[in-house]
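>>> how would this look folded up:
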Amino acid sequence: MTTLIVLPHVELCPEGAVIEAEPGQSICDSLLANGIEIEHACEKSCACTTCHVVVRDGFNSLEPAEELEEDLLDKAWGLEPTSRLSCQAIVGETPLTVEIPKYSINMAREGKH
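Predicted structure coming up:
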């Protein structure tokens, strides 16, 4: 198992969390499996930006983002150089620290789909 540190998020994880993630599982699935209800409007199909996270530590251990993910990230609120869509970022052996941004843009819910 790989340690996944989740920084505090006012609504989803007010105290922050330290969870054990299964290598080979996405960050999104790891969060959901541990009761952190990160939004994932497209059902993890890499079609929105609602599961956007910023990887604060361990970013370089992740496989590089594919072009579709990069294109979507350009539309994410609060984009940073270490931003990833958590449904596409696969946990490896290296511990990760992630921050869930305060806001997300849900194009489906906001009628911009």
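>>> list phi and psi for Thr2.
Thr2 has phi and psi values of phi -120, psi 140 when expressed as degrees, to the nearest 10.
>>> bridge partners for it, pull those for me.
Beta bridges link Thr2 to Ala21 when assigned by DSSP bridges.
>>> do I have it right that it meets Ile19?
No - Thr2 is beyond contact range of Ile19, at 9.4 Å (criterion: C-beta atoms under 8 Å). Every residue, glycine included, has its C-beta placed from N, CA and C.
>>> wait, Glu69 touches Leu85, no?
Yes - contact status for Glu69 versus Leu85: in contact at 5.3 Å, counting by C-beta under 8 Å.
>>> the two - which one has more neighbours?
Leu85 (28 against 18; other C-beta atoms under 10 Å).
>>> for that one, name its beta-bridge partners.
Beta-bridge partners, per DSSP bridges, of Leu85: His52.
>>> any idea how far it is from Val6?
In this view, Leu85 and Val6 are 16 Å apart by C-beta to C-beta, to the nearest Å.
>>> any idea how far the residue nearest the centre of the chain lies from Cys42?
Centroid-nearest residue in the chain: Ser86, 2.7 Å away (criterion: C-alpha atoms, centre = their mean). Ser86 is 12 Å from Cys42, where distance means C-beta to C-beta.
>>> same question for Pro14.
Taking C-beta to C-beta, one finds Pro14 at 26 Å from Cys42.
>>> of those two, which one has the most company?
Higher neighbour count among Pro14 and Cys42: Cys42, with 19 against 9, using other C-beta under 10 Å.
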